[in-house]
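**Q** can you look at this prediction? I've put the sequence above it.
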Amino acid sequence: MIRDSRADDIDAILDIWLSASIQAHDFIDSAFWVAKVGDMRDIYLPASQTRVYEAAGKVLGFYSLYEGTLAAIFVAPGSQGQGIGSVLLADAKTQRPRLQLTVYKENAPSIQFYEKHGFTVAGEQTDEHTGHAELLMEFSRQPSTGS
């Protein structure tokens, strides 16, 4: 089930974010991600709308929206490949008519995931925190055509 996050979800969200970030971004030193946990807890998550995927009372994934940006979407490493990310992304797409995100250019599996779900590359930039190239990707819901 997908639901709005609650205060008592924070530890699970941070654990998922850290472990999945380290796994997905093996081209960045894990110390970088460890150093960012406090910012996630104190700055980024409180500023965002965060929803979680919960099964059997356990949070297995989450996404965070900041205005029109999909700022984060992560699934616990042990639960990846089961469609949870697709369900989370589908839910995120119902929250805003347009979404944009950035993804590291070196993270080919995530780029393919976003493309599979209708995102297109809109540009390229350098992440100021890591110096790595990232793609700007966008998704727009097609306006419904009435008959």
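**A** Perfect, I can see it now. Numbering: from 1, shown residues only.
**Q** only C-alpha atoms from now on, for both contacts and neighbour counts.
**A** Fine.
**Q** now do the longest helix seen in the chain: which elements does it pack against?
**A** Of all the segments of type helix in the chain, defined by DSSP state H, the longest one is helix 10-24. Packing partners of helix 10-24 (3 or more C-alpha pairs under 8 Å, 6 or more residues apart in numbering; DSSP states H and E): helix 30-35, strand 58-66, strand 69-75.
**Q** output these as CSV; include the columns distance to residue 128, mean pLDDT and mean neighbour count.
**A** Formatted as CSV, the helices and strands packed on helix 10-24 follow (distance: least, C-alpha to C-alpha, whole Å; pLDDT from 0 to 100; neighbours: other C-alpha atoms under 10 Å):
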stretch, distance to residue 128, mean pLDDT, mean neighbour count
helix 30-35, 13, 96, 13
strand 58-66, 19, 98, 22
strand 69-75, 15, 97, 21
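**Q** would you turn those into CSV with distance to residue 133?
**A** Listed next are the helices and strands packed on helix 10-24 as CSV, based on distance: least, C-alpha to C-alpha, whole Å:
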stretch, distance to residue 133
helix 30-35, 16
strand 58-66, 21
strand 69-75, 17
